[in-house]
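>>> Mind folding the following:
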Amino acid sequence: MCSALSNSIKSVWCFKTLKKYILTESELEMVDHLANTEINSQRIAAVENCFGASGQPLAVPGRVLLGEGILTKECRKKPKPRIFFLFNDILVYGSIVINKRKYNSQHIIPLEDVTLETLPDTLQMKNRWMIKTSKKSFVVSAASLTERKEWISHLEECIRHLLTKMGRQPSTEHAAPWIPDKATDICMRCTQTKFSTLTRRHHCRKCGFVVCGDCSRQRFLMPRLSPKPLRVCNLCYRQLQAEKKKEAEADLRQPEQFHAAMPGYEPSSGDDSDKSDDDKVDHWPADTEFYTSEVSWSSFHS
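Next up is the predicted model:
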């Protein structure tokens, strides 16, 4: 192996231990040359083996494994450590059974669908940022501010490089992150129902709020998130219904506008038609800021 390629491999994999290192455009171009190397194939195979039969195959032409690390993911019940693997086109994460030996619950996120947002610290979690995608958005935190900067820098550079190669613009549609269960002990919609062992918490798939059963009895089909109707709170259901009605009315008006613009020709003879061929919980402080600093607690109930 040539020394330049060998040095590039060593540099890229400094990220494995989260040492300070930034991928520049020229270095990312060098990464593309690592795709067919034996060392890259061995590393990808090692990750596949750690996930075992529960994971999907990760070795595809042109894919390069750039680094790995453990981040804390803010889950519904409580924050949990997760292993993350950064490739040049995808981000893979999973649950840790035995570190560096066995992982499960594999998730694969295409990088072209990812947008990042830095978040303020809370009393419970520091060095946080949000990974936003069209299907799922969630919050992670790093062990230090330096690690967070390096993760975000590597992710953003990989995303930019990939979008440039694909000729695409950054994604603008993102799923709402779920507010953690422990964020509130009352329904964030009616503000009356108290959660208990018998009164379950639910999450609206549209806004991510923690709501009671009475405030989330409706289901709505959101093809971007799932092929099946999903639970939504009453407020989001009304908004989604209004949007659906508005879109239907716009579709009905469109043919009328088209025909109004056409000259008044006499019908031609014959039957030809021109049919077009054209989806028990801990308490958080009441002043805690969650995912959007511009949204205050009081506006949750507006």
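>>> So which elements touch the host helix or strand of residue 43?
Per DSSP states H and E, residue 43 falls inside helix 38-51. If you count contacts as 3 or more Cβ pairs under 8 Å, 6 or more residues apart in numbering; DSSP states H and E, helix 38-51 packs onto strand 65-74, strand 102-110. Bear in mind the C-beta positions are built from the backbone N, C-alpha and C, glycine included.
>>> ok, and what's touching the first one?
Outside of strand 65-74, the residues that reach it under the criterion Cβ atoms under 8 Å, 6 or more residues apart in numbering are 12-16, 18, 23, 31, 40, 43-44, 47, 79-88, 93, 96, 99, 125, 128, 138-142, 147, 151, 154, 158, 180.
>>> Just the ones of these in helices?
Those of the contacts of strand 65-74 mapping onto helices are 12, 31, 40, 43, 44, 47, 147, 151, 154, 158, per DSSP state H.
>>> Can you say which of the helices and strands packed on helix 38-51 is packed in most?
strand 65-74 (a mean of 20; mean count of other Cβ atoms under 10 Å).
>>> how much space is there between residue 217 and residue 209?
Computed as Cβ to Cβ, to the nearest Å, the residue 217 to residue 209 distance reads 15 Å.
>>> The two: which is more packed in?
Just comparing residue 217 and residue 209: by other Cβ atoms under 10 Å the higher neighbour count belongs to residue 209, 24 against 13.
>>> Would you check that that one makes contact with residue 231?
No. Contact criterion Cβ atoms under 8 Å: residue 209 and residue 231 do not qualify, at 11.3 Å.
>>> tell me, what's touching these two both at once?
With Cβ under 8 Å, 6+ apart as the test, residue 209 and residue 231 both reach residue 203.
>>> Hmm, residue 203 and residue 231 touching each other?
Yes. Counting by Cβ under 8 Å, residue 231 touches residue 203, with 7.4 Å between them.
>>> which residue sits closest to the residue nearest to the spatial centre of the chain, ignoring its sequence neighbours?
Relative to the mean C-alpha position of the chain, the nearest C-alpha, by Cα atoms, centre = their mean, is the one of residue 133, at 2.9 Å. Nearest non-adjacent residue to residue 133, counting by Cβ to Cβ, 6 or more residues apart in numbering: residue 113, 4.7 Å away.
>>> Out of the contacts of strand 65-74, which end up buried?
12-13, 15, 18, 23, 31, 40, 43-44, 47, 79, 82-88, 93, 96, 125, 128, 138-142, 147, 151, 154, 158, 180 (16 or more other Cβ atoms under 10 Å).
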